[in-house]
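Peer 1: Here is my input, please return the structure:
(2 chains)
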Number of protein chains: 2
Amino acid sequence: MKYVYQFTEGDASMRNLLGGKGANLCQMTKLGLPVPQGFIVSTDACNEYQKDGEISSQIKSQIEKGLKNVEKRTKKKLGSVKNPLILSVRSGARVSMPGMMDSILNLGLNDEIVKEYAVQTQNPKFAYDCYRRFIQMYSNVVYKVDSSLFETAIDELKKELKIQKDQEFTVKNLQTLIKTFKKIFKTETGKTFPQDVFEMLLDCVEGVFKSWNNERAIIYREMNNIPSSWGTAVNVQEMVFGNQNDRSGTGVCFSRNPTNGENKFYGEFLLNAQGEDIVAGVRTPSPIEDLKLFDPKIYDELYGYAQKLEKVYHDMQDMEFTIENGKLFVLQTRNAKRTTLASIVVAYDLVNEGMIDKKTAIKRIEAEKISELLSSKLEIPKNAEVIATGIPASPGGAVGKIALSSEMAKKYADNKEKAILVRLETSAEDISGMMTSDGILTARGGTTSHAAVVARGMGTVCVSGCETLKISGTKIKIGDKTFKEGDFISIDGTTGNIYEGALNKSTNLDNKHLANLLEWADELQQIKVFANADTKKDAILANSFKAEGIGLCRTEHMFFDAKRVVDMQRMILAPNAKVRQSALKKLLSYQKTDFEGIFTAMKEKSVTIRLLDPPLHEFMPKTPKDTEELANALDIDTKVLKNQIAGLAETNPMMGHRGLRLAISYPEIYEMQVEAIIQSAIKVQEKTKTKIMPEIMIPLTVDEKEFLFVKQLVLDKIKEIDPTGKIEYKIGTMIETPRACILASTLAEHCDFFSFGTNDLTQFVYGFSRDDAGKFLPDYYKNNIFMQDVFMHLDTKVVGQMMETAIRGAKRINPKLVVGVCGEHGGDPASIEFCKKIGLDYVSCSVMRLPIAKLSSC
Amino acid sequence: MKYVYQFTEGDASMRNLLGGKGANLCQMTKLGLPVPQGFIVSTDACNEYQKDGEISSQIKSQIEKGLKNVEKRTKKKLGSVKNPLILSVRSGARVSMPGMMDSILNLGLNDEIVKEYAVQTQNPKFAYDCYRRFIQMYSNVVYKVDSSLFETAIDELKKELKIQKDQEFTVKNLQTLIKTFKKIFKTETGKTFPQDVFEMLLDCVEGVFKSWNNERAIIYREMNNIPSSWGTAVNVQEMVFGNQNDRSGTGVCFSRNPTNGENKFYGEFLLNAQGEDIVAGVRTPSPIEDLKLFDPKIYDELYGYAQKLEKVYHDMQDMEFTIENGKLFVLQTRNAKRTTLASIVVAYDLVNEGMIDKKTAIKRIEAEKISELLSSKLEIPKNAEVIATGIPASPGGAVGKIALSSEMAKKYADNKEKAILVRLETSAEDISGMMTSDGILTARGGTTSHAAVVARGMGTVCVSGCETLKISGTKIKIGDKTFKEGDFISIDGTTGNIYEGALNKSTNLDNKHLANLLEWADELQQIKVFANADTKKDAILANSFKAEGIGLCRTEHMFFDAKRVVDMQRMILAPNAKVRQSALKKLLSYQKTDFEGIFTAMKEKSVTIRLLDPPLHEFMPKTPKDTEELANALDIDTKVLKNQIAGLAETNPMMGHRGLRLAISYPEIYEMQVEAIIQSAIKVQEKTKTKIMPEIMIPLTVDEKEFLFVKQLVLDKIKEIDPTGKIEYKIGTMIETPRACILASTLAEHCDFFSFGTNDLTQFVYGFSRDDAGKFLPDYYKNNIFMQDVFMHLDTKVVGQMMETAIRGAKRINPKLVVGVCGEHGGDPASIEFCKKIGLDYVSCSVMRLPIAKLSSC
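Peer 2: Okay, the predicted model is just below:
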């Protein structure tokens, strides 16, 4: 079995065997780029090593042969005093794991060789510095000697010599340091520092293999779902030195601009320097254009390579190069990391340049990050103090006056002032204040708390679960700072940070590249994308984003308006049928107005309307003051009202009297809603001469008989309102309880469609309340029990599997059944990917996430 | 195919084909009992009829042949004027469905025959009365003519004649009535009343078949899980008349006493009467002994038959008999309905008489009803007014003074006064009050609300969810009545009824027959029975009921004691590690005391201890007064404390920060508990020289990594406390979230045992909160959507299936895994039956339900 490959023996396609770095070195060698030569010990060898616990003699002998080959090509020899080969030994896995594993540079020097090397390079300071660096790295990687021991020794020597910088060391100083370093090695390992450079090469290879299983690499792999079976390759490569003299240098360049995506060669370099000097930031590098001044030929050569590599890799390249004594070497190339903006521009340009197809372009965009682009940003001064940090719940920056109530938020809005609604938590009653605020800050709740979900749905900035936020009366404390209503704060929904005062904001503008990519996504989509929209305004916006329909219209949001909620309250608290009927009549007319607006906006696209879902107590006033006002409005005794409200209270409202359970107790509510839907559909259909497509969705089903009871109630009402069948409606249910999911094939024959409410389904499957999980999930992340928020990314292992089983069973019984998702996961790229796999017909997401969902749909 | 059977052609084993009544008539015929002869149209014929919508000619001709046969044997003829055969046509399904289907008597009379029959019987009043009854029944069953029309006609005639009773009608009157009846028939059907008696026989058979699908029969079948495919048979039998003259009579007798089970012939009879006269209660029947006075030979004959039938059926018989003109006929026999007490006594006696085996005896007891026997009963006066009705949540009768708080309940108890704790709902903090109360009455919650579950566990009477109960301040309203604290009420936990004032109570005593049956159950058990027990007292009681171990010891109940809860509160609210540690130390000593008591009681039986489960806010004070007291006790500012308590509050505590989630946030709590378990196990083991078997149960698992994290924490602590391994512990988890259930096979390899928490599992699978479901489940029952409470009887369709799949998968991975149930269902006979089927090793139930569970275990 072949374990060792020369750079001449591979290419970019051999990433799994040779690691990303190694495969790219091979590819560049193949393309004739000036790559310092070397060989690669394969990932197979790594796996052998992990199994055996030692490098087998077979692999050792292949390394020896590989080395011989390199020696032949470089005309240098490892261990030779006259003509020494100096090597680097670096890790390189299938995917980049930056900084997770170990590397060793300057292998090939020992006490004897370094003396001659000092003469040869005519730069003894350089030579001894190389050696002392090697001792430090070797000791640390191979023998786990704590690096700080060496750093302390350097610092002590500097103090003794009263110098500031490493560069000020004389050759003598460096020789002293080498002695000290070797002493440290002896003390820590009990051994004399070795001198056999080939043995040390084997040690270094083993050290890199070992580092595959160090703690930080394991955690990184877990977080990024990288199997430990992939292993790492080891790249053994001749060293070139950008710090050898003034004809040397080192730099990084990009084939395009990684910040804005502009198709312009970009980069920076330092003369007489090593790569780490750029990273350390001690000297300021020059822009890549200045390389022309140093040596226009080298600049042209490098530019040419960048172009060449981009054509081969069909993507923007990030290259490292070194100039050694006037000769250019390319040390690494890889697909460049880039901002979201750049990723869009580059992907778009590459399609137009004929380098990639549209699908590839779309796949290159990290859809999730689009929201950054669409939201506004805080401009954070360098010295800005983060006074507290909450959970980043809806991205973007918001600046405004603290408003402790919806009323105050609206008052600010009326005065054209920006407001940040600051609440312990929000509930449906706060909607109006949330709509007029620039941002929302809560003390409780995680990324899927009410505040977070509504905020993301509205595209409003939100920081939730800020534990150090305290409100008592009109006093507000955030972290250690005290505020009062009307004070300015700035919140960053992308990081969760909170700042005192009003920071400046910059707004990301529309992006024509993005618009084009979204059009391509429509051509290529594998799953339809619907919008969650509750109002005419949302519907129009959804249309502008080209949603293919409304997958979730929450009717309860229509009742929370201050004017309307009173009639809802009147209906709920009605002492007799007459009062109830008159309240229902008013609600009917509100709903009709809303539905007419939505139907008119959506035209022949389907509109899925969920009948009333939340428990009725959500409509009740929360404060004594509001209760008293309502008592006056309804002309009843405050005490009586209080008792009525207390009677509606629930211990676990999420599992309480809600969804279709309401219809079983109070059929008149759903009947009113169905009447509103059908009447307004008829009206709009007649007025616009377009076929209106209402889909009536029954929430929270757990049982076949239960569903049929409510379905019959809906059918009876439709028959009454539309006896001649003008409207072609559909009836379906949400699948959001585990029981409904398991009974899916039974329910399928009675439904035109299913919509998975994955928020609630996840809640019930885990027994996690979204509103309370913020209390314990952080501990789960901290202890690496969970890697991600199951309310953001679908739990494919269990919830997803339940869905897949349900869909398979349901479609077998009813092949015409249309199946979608309308939970938060409908706007999450990873979850959408899974939805495609398990045969869902559509996802429905909040309007602001439509671009993300669309990019993920293909 | 044979559809019609003579009584001579069948026996008791042919119940499925001939129906219960028919098969028993055949059996009695076979045994030579004097049974009025007839034939049976089989259930197969019923199914044919339901399919075809008419009686096929094949069946008709078999009926004709069957009739001929009867005519031959009775020497009478249907339709003959001289020697008419008079028949009854009755339904009879495989199982008794009392009153659900239709019957017709006196078929065989028409205008002409009745005249001659009047002469023949020398009793014209009797003959015409028979005919008018026939007209009424035929019209109703065959033509659906409303019976009340006939009743009205009778009433009008009585008014006209100024008489009170039917018996006062003269022959003339009856003839008038017959004319009126026939007029009603004509008006309602448009037809003249038919005269062809054979055609009418076919009509009646069809009428009975039709009644199999009337609404009340369908509902009854659904409620009792009777498939509609069973069908009903039709029994056509010669009429005998107990009301023909003074040498005639009718009665009901039992081979033993159906009230107390005593082995003594029992029954009653009326001379010159029909069966319905006994039912109507117009005349008072005589005890069966008096039959000796009427005719000792007939008495002996009847007694002999009862003995004979009991020997054949191996069970107490309930027989109907008629004496016609001095001759005894037995019309029906069946296994007698009996009280729970009688069922126990009879079953026990039959085993001792060698009639049945022990297993049969146990199967004959309706285990669920045992609780009636063990609980005390209210003696309800005839005129007692039910002022309100709640949900019967824990059986028995309780009488006491209204106590609105635990403190008041305890105060009454201290004064040796009985108390009824009256609360809107109860929570863990009320435990002390619940323990000292005689009964519990709540406004909210169903049969598995906190109040209900705890009450049943303690064997305390409870009525929950009494919606008309209102409490405002110290004023209490129940129904329309107003009370104040200290007023007496009486509550009936068996019916849910509530009475004003103090009713008398009678207490059921220990029952030696039951004790014997329970011993037999132990011999025959197919599934082990463990007890849920949280205290030493419970453990001792569980032992006295011969529980095989403790399946659920809820450690949180140990902290609710008034003295202890302060330290729990101190621990939860600790501002620093020092305070927390000192509070934990106290809690540790409390737990050790408790565990030592329980281990000492249970000896070598296993004790499954669930680590802390409820959210921490359950331990916080609920009222401002208590909060202030706690603030004083902890020496902190009341406002600060209020904020801390508010910070602990949850929106949906059932899905909140509880179970092992607590251990992930606060490992020190579980560590303390494990320390207490192991230390006390060591102590008791050393002291008693018995091997103590603690099983540590981790609640609310949803994930493998999560479980392993907490398991490791437990293991580390055990290793620390018991480094030499003195204690042979087990570690397992509750399976109570849908996710754990689905991941069962993954969890199995890390567990010694599983315990299904079917309460929570049901809650999550349905999305039903036990505490809130009382608001909507009554509407589900009312609308026949649900037939039974899923918290009482396991939902075998989904929850049960999930369990079965989980068990199969888990035992495949870990064949040694022990699997039990510790939810409420562990004490429910139907659920236990299911648990046996799906391979559970044990059920664990509250101590008071141990007898029920034991009887159900075999």
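Peer 1: Give me the nearest residue to A:Lys82, chain neighbours excluded.
Peer 2: Spatial nearest neighbour of A:Lys82, excluding adjacent residues (CB to CB, 6 or more residues apart in numbering or on different chains): A:Glu116 at 6.7 Å. The C-beta positions use only the backbone N, C-alpha and C, and glycine is treated the same way.
Peer 1: which ones are touching the one you found?
Peer 2: Neighbouring residues of A:Glu116 by CB atoms under 8 Å, 6 or more residues apart in numbering or on different chains: A:Val81, A:Lys82, A:Pro84.
Peer 1: before we move on, what SS does it have?
Peer 2: helix (DSSP: H, G, I helix; E, B strand; the rest coil).
Peer 1: Nearest to chain B, out of the contacts of A:Glu116: which one, please.
Peer 2: Of all the contacts of A:Glu116, the one with the least separation from chain B (CB to the nearest CB) is A:Pro84, at 50.2 Å.
Peer 1: so that closest one makes contact with A:Thr74?
Peer 2: No. A:Pro84 is beyond contact range of A:Thr74, at 10.6 Å (criterion: CB atoms under 8 Å).
Peer 1: Looking at these two, which is more packed in?
Peer 2: More neighbours surround A:Pro84 than the other of A:Pro84 and A:Thr74, with 21 against 16 (other CB atoms under 10 Å in any protein chain shown).
Peer 1: want to throw the contacts of A:Glu116 into a markdown table with secondary structure and pLDDT?
Peer 2: What follows is the contacts of A:Glu116, written out as a markdown table (DSSP: H, G, I helix; E, B strand; the rest coil; pLDDT from 0 to 100):
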| residue | secondary structure | pLDDT |
| --- | --- | --- |
| A:Val81 | coil | 94 |
| A:Lys82 | coil | 93 |
| A:Pro84 | strand | 96 |
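Peer 1: As JSON lines, the residues you listed with distance to A:Lys182 would be great.
Peer 2: As requested, these are arranged in JSON lines below (distance: CB to CB, whole Å):
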{"residue": "A:Val81", "distance to A:Lys182": "19"}
{"residue": "A:Lys82", "distance to A:Lys182": "24"}
{"residue": "A:Pro84", "distance to A:Lys182": "19"}
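Peer 1: just these now: which is nearest B:Arg808?
Peer 2: Distance ranking of these against B:Arg808, using CB to CB, places A:Pro84 first at 67.5 Å.
Peer 1: What residues does the closest residue to A:Ala93 other than its chain neighbours make contact with?
Peer 2: Using CB to CB, 6+ apart and skipping residues adjacent in sequence, the residue nearest A:Ala93 is A:Thr232, 4.3 Å away. With contact set as CB under 8 Å, 6+ apart, A:Thr232 has these partners: A:Gly19, A:Thr43, A:Cys46, A:Ser91, A:Gly92, A:Ala93, A:Met101, A:Val208, A:Phe209, A:Ser211, A:Trp212.
Peer 1: Phi and psi next, for A:Met319.
Peer 2: Dihedral pair for A:Met319: phi -120, psi 150, per degrees, to the nearest 10.
Peer 1: sorry, that was for A:Lys2
Peer 2: The phi/psi pair for A:Lys2 (degrees, to the nearest 10) is phi -90, psi 120.
Peer 1: Report the next helix or strand after the helix or strand A:Glu222 falls within in sequence order.
Peer 2: Using DSSP states H and E, A:Glu222 maps to helix A:215-223. Counting by DSSP H and E, the next helix or strand C-terminal to helix A:215-223 is strand A:232-238.
Peer 1: Beyond that following strand, next helix or strand please.
Peer 2: strand A:249-254.
Peer 1: Can you list the strands that the following helix or strand past that next one pairs with?
Peer 2: Per DSSP H and E, the first helix or strand lying C-terminal to strand A:249-254 is strand A:266-271. Strand pairing for strand A:266-271, determined by DSSP bridges: strand A:249-254 (antiparallel), strand A:286-287 (antiparallel).
Peer 1: Mean neighbour count, these: which tops it?
Peer 2: The highest mean neighbour count among the strands paired with strand A:266-271, using mean count of other CB atoms under 10 Å in any protein chain shown, belongs to strand A:249-254: a mean of 24.
Peer 1: Lowest-scoring secondary structure element of chain A by mean pLDDT?
Peer 2: helix A:275-280 (a mean of 69; mean pLDDT, DSSP states H and E).
Peer 1: Run through the stretch 351-500 of chain A and note the low-pLDDT ranges.
Peer 2: Across the stretch 351-500 of chain A, residues meeting the criterion (pLDDT under 70) sit at A:372, A:447-448, A:457.
Peer 1: Could you pull out the strands in it for me?
Peer 2: Per DSSP state E, counting those that start in this stretch, the stretch 351-500 of chain A carries strands over the ranges A:377-379, A:386-389, A:391-394, A:397-403, A:419-423, A:439-442, A:461-464, A:470-472, A:475-478, A:481-484, A:488-492, A:497-500.
Peer 1: in the stretch 151-300 of chain A, what residue is nearest chain B?
Peer 2: At 10.0 Å from chain B, A:Glu222 is the closest residue in the stretch 151-300 of chain A, using CB to the nearest CB.
Peer 1: hang on, I meant the stretch 501-650 of chain A
Peer 2: For the stretch 501-650 of chain A, CB to the nearest CB, closest residue to chain B: A:Glu650, 4.5 Å.
Peer 1: Chain neighbours aside, what residue packs nearest to that residue?
Peer 2: A:Gly656 (4.0 Å).
Peer 1: I'd like to know how many residues surround the one you found.
Peer 2: A:Gly656: 25 neighbours (other CB under 10 Å).
Peer 1: For it, give me its contacts.
Peer 2: A:Gly656 touches A:Pro615, A:Glu650, B:Ser769, B:Asp772, B:Ala773, B:Lys775, counting by CB under 8 Å, 6+ apart.
Peer 1: Give me the distance between the residue nearest in space to the middle of chain A and A:Met316.
Peer 2: Centroid-nearest residue in chain A: A:Glu368, 5.5 Å away (criterion: CA atoms, centre = their mean). According to CB to CB, to the nearest Å, A:Glu368 and A:Met316 sit 20 Å apart.
Peer 1: In stretch A:616-629, which residues are buried?
Peer 2: A:Leu616, A:His617, A:Glu618, A:Phe619, A:Met620, A:Pro621, A:Thr627 (16 or more other CB atoms under 10 Å in any protein chain shown).
Peer 1: I'd like to know which of those are part of helices.
Peer 2: A:Thr627 (DSSP state H).
Peer 1: I'd like to know which of the buried residues of stretch A:616-629 is nearest to B:Ser589.
Peer 2: A:His617 (42.9 Å).
Peer 1: quick one: contacts for the residue nearest to that closest one when sequence neighbours are not counted?
Peer 2: Spatially, and ignoring its direct neighbours in sequence, A:His617 is nearest to A:Leu648 (4.0 Å; CB to CB, 6+ apart). Residues counted as contacts of A:Leu648 (CB under 8 Å, 6+ apart) are A:Ile572, A:Pro615, A:Leu616, A:His617, A:Met620.
Peer 1: A:Ala23 against A:Ala12, yeah?
Peer 2: Yes. Look at A:Ala23 against A:Ala12 with CB under 8 Å: they come within range, at 5.2 Å.
Peer 1: And the two? Which one has more around it.
Peer 2: Higher neighbour count among A:Ala23 and A:Ala12: A:Ala23, with 23 against 19, using other CB under 10 Å.
Peer 1: So what does that one have for phi and psi?
Peer 2: Per degrees, to the nearest 10, the backbone of A:Ala23 is at phi -60, psi -40.
Peer 1: now it, nearest residue through space, not along the chain?
Peer 2: Looking at A:Ala23 with CB to CB, 6+ apart, the closest residue is A:Arg15, at 4.4 Å.
Peer 1: Quick check: which element contains the residue nearest to A:Thr170 when sequence neighbours are not counted?
Peer 2: Take A:Thr170 and drop its neighbours on the chain: the residue closest to it by CB to CB, 6+ apart is A:Lys125, 7.5 Å away. If you go by DSSP H and E, A:Lys125 is part of helix A:124-143.
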